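Student: Let's see this in three dimensions:
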Amino acid sequence: MIPILTSAAMREADAKASAVRGADALVESAGTAVALHAQRLLRSCYGKRVVVVVGPGLNGADGRVAATWLKSRGARVDLAEWDHLPTQLHGYDLVVDAAFGLGCTRPFIAPKVSPGTLVLAVDLPSGVDADSGAVLGEPMVASATLALGALKPAHLAGPSVDLMGELHFAGVDIVTNFDDGLVQDDDLATLVTFHRNDNKWAYAVQALVGSSLMPGAAELVLRGALAGGASMIRLESRGDVASVQLPPEVVHSKDAKVDPRSRAVVAGPGLGPDAPAWLRERLVDVACPVVLDADGLDRTLVDELSPRDGSWVLTPHEGEFVRLTGQALGSNRLDDVREFARATGCVVLLKGPLTVVAGPSGTLRVVKSGTPTLATAGTGDVLAGLIAATIARGHDPLGAAALAAHLHGRAGARLAPYATASDVATTVGELLHELSRVSR
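Tutor: This next block holds a predicted model:
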């Protein structure tokens, strides 16, 4: 997982790393990382014209190290001080923007660059507020941004996102402890668990999904849960769902109560009108974690029944989020999701091209693996089932939601643009099978 830090937390991490390694060594590592990324952009340094815009702080120091490194590899390098910049920078193959990173608190007017010129932003484009993503002045639009030490909120949310270009990361051994993070492929290895004494109830899921009007939602939720490793699924629907081909592993239930052997509940998709009232009597005394999606996303139901201990997971898309909160999303959805998680005492997963997951404590997980393939009906149902199965297999609700969302995104990325939700569920199972073969 890649850490996400506020500017204050990043400064603290910088200070601690400097105390251990020395400030000069830290700048040397960061500046070399910048130079290596500049070389990747240029492909070859020899004979290329590069200008490094440097400021008064650590970003400027990183830029100076990068300039020396690039010059030693044959590039023709100019330094441009931030307070004596021309209005235009022409004739360069690459502009390295190392004027301001975390320290930008005032408007910065960047010089114009020639069309086609590559721009590498060091940590952040100069003229961006690291925490809010607000644009201060007129920054350059980067071809690529190299985040140093940790990602900042501005890398992921706010107007600043449109200035980043391709986002890359260099840890340079600065951050050792963090709470918030961007989920990576390596994190998925924790999804694969085996225990000698497993039985069919070990990872059991109760599904309160589907209706005679929307039977397909039940099938997709169940397929997502089975792909994610649910060992037993008990299904209760509103009316007959026999018109679709339900997986044969599913047991139909008419108990109107959650089986106490269930390790997680997934509720909501396809239930139709008045779903909250129908769910209320079934969830009133539930003891295991609950994943609420689609028709189950009702604020009154949540406020009345959720234990406010982070064991319930709410999975709204943007429209549902607005309905639940009663207000539009702001420019920084990281803060909006974190605030709603604190208000409800639930884990909140906001679906979208950038999926944001927050727990009641404020801990944040971000997922960027989603692709347009997932923008089709039913993929959210698959995700809801997958989250429930991941919880059932022993992950805490926050971690389960984030890992499931990343795996779901990776499945979508493997498929053709016009794949269906059923294809996503199948591919989730294939990916987990591949992970299990590697882990054994």
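Student: Let's see the pLDDT reported for Ser439.
Tutor: According to the model's per-residue confidence, Ser439 sits at a pLDDT of 59.
Student: could we number from 580 for the rest of this?
Tutor: New numbering, starting at 580: the last item is Ser1018.
Student: Which helix or which strand is home to the residue lying closest to Val901 once chain neighbours are set aside?
Tutor: Nearest residue to Val901, sequence neighbours excluded (Cβ to Cβ, 6 or more residues apart in numbering): Ala907, at 5.7 Å. Backbone N, C-alpha and C define where each C-beta goes, glycine included. Counting by DSSP states H and E, no helix or strand carries Ala907.
Student: tell me the contacts of Ser841?
Tutor: Contacts here follow Cβ atoms under 8 Å, 6 or more residues apart in numbering; on that basis Ser841 touches 783-785, 813, 867, 971.
Student: so how far is Val844 from Ala809?
Tutor: Using Cβ to Cβ, to the nearest Å, one obtains 11 Å as the distance from Ala809 to Val844.
Student: Need the residues touching each of the two.
Tutor: Joint contacts of Ala809 and Val844 (Cβ under 8 Å, 6+ apart) are 784, 967.
Student: Tell me which of these two has more neighbours.
Tutor: It is Ala809, of Ala809 and Val844, that has more neighbours when counted by other Cβ atoms under 10 Å, with 31 against 28.
Student: Isn't that one up against Ala968?
Tutor: Yes. Here Ala809 lies in contact with Ala968, judged by Cβ atoms under 8 Å, at a distance of 4.1 Å.
Student: which neighbours do those two share?
Tutor: 782, 784.
Student: And for the residue lying closest to Arg887 once chain neighbours are set aside, the neighbour number?
Tutor: Closest residue to Arg887 in three dimensions, ignoring its sequence neighbours and counting by Cβ to Cβ, 6+ apart: Gly924, at 2.7 Å. The number of residues packed near Gly924 is 17, by other Cβ under 10 Å.
Student: show me what contacts Gly924?
Tutor: Counted by Cβ under 8 Å, 6+ apart, Gly924 has contacts 885-889, 891, 939.
Student: Could you identify which of the residues you listed has the most neighbours?
Tutor: In the contacts of Gly924, the most neighbours by other Cβ under 10 Å go to Trp891, 26 neighbours.
Student: Quickly list what that residue is bridged to.
Tutor: Legend: beta-bridge partners of Trp891 under DSSP bridges are Val869.
Student: so which of the contacts of Gly924 comes closest to Val762?
Tutor: Taking Cβ to Cβ as the measure, Gly889 is the one of the contacts of Gly924 closest to Val762, at 17.7 Å.
Student: Now do the helix or strand that Leu1014 is a member of: which elements does it pack against?
Tutor: Using DSSP H and E, Leu1014 sits within helix 1000-1018. Helices and strands touching helix 1000-1018, as assessed by 3 or more Cβ pairs under 8 Å, 6 or more residues apart in numbering; DSSP states H and E, comprise helix 794-806, helix 958-971, helix 976-993.
Student: what angle do that helix and helix 976-993 make?
Tutor: Taking axes from the mean of the first three to the mean of the last three Cα atoms, to 10 degrees, helix 1000-1018 and helix 976-993 form an angle of 110 degrees between their directions.
Student: list the buried ones in helix 1000-1018?
Tutor: Neighbour counts using 16 or more other Cβ atoms under 10 Å place 1000, 1002-1008, 1010-1011, 1014 of helix 1000-1018 among the buried residues.
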